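[1] My questions concern the predicted model and sequence given below.
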Amino acid sequence: MSDLQLAAPGRYVQHYGIALVCLALGELDEAFRWLEQAYRDHSFWLAYWAGVDPRLDVLRGDERFKVLLRRLALESS
């Protein structure tokens with residue numbers, strides 16, 4: 001994980017991808033931090049995959065994820 005963070009200043013690293021790594025490591029709060037950054041960066045990957053990516057299933061019951069989906073207009077209020 002730290003290798004990805006160190007690489008980021010010198011080259012572009014997809015924030016959505018970093019969030020997936022955080023999820024794999026069980027770091028949910030950190031994953032949300034990176035998903036938020038992906039949202040702020042208008043990430044295609046987040047907009048296209050957040051509603052259907054099974055790797056994000058662990059987040060679906062979390063209110064923060066529901067808010068993110070609503071902000072992406074992928075879930076109704």
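    On my side now, so go ahead. Numbers count the residues shown, from 1 in each chain.
[2] okay, now R70: neighbour count?
    R70 has 12 neighbours, counted by other C-beta atoms under 10 Å. Backbone N, C-alpha and C define where each C-beta goes, glycine included.
[3] Now the phi/psi pair for it, please.
    In this entry, R70 is assigned phi and psi values of phi -60, psi -40 (degrees, to the nearest 10).
[4] cool, and V52?
    Note on V52: backbone dihedrals following degrees, to the nearest 10 are phi -130, psi -10.
[5] ok, it to H42 distance?
    Between V52 and H42 the distance is 19 Å, computed by C-beta to C-beta, to the nearest Å.
[6] Over to E36?
    When C-beta to C-beta is the yardstick, E36 and H42 sit 12 Å from each other.
[7] Between these two, which is the more surrounded one?
    The residue with the greater number of neighbours, taking E36 and H42 and applying other C-beta under 10 Å, is E36; the counts read 16 against 8.
[8] who are the neighbours in contact with the more buried one?
    Counting by C-beta atoms under 8 Å, 6 or more residues apart in numbering, E36 makes contact with L68.
[9] one more time with 7 Å
    Going by C-beta atoms under 7 Å, 6 or more residues apart in numbering, E36 touches no other residue.
[10] three-state assignment of it?
    Secondary structure, DSSP: H, G, I helix; E, B strand; the rest coil: E36 is helix.
[11] buried sites along stretch 40-53?
    Along stretch 40-53, these residues count as buried under the neighbour rule (16 or more other C-beta atoms under 10 Å): 43, 46, 50.
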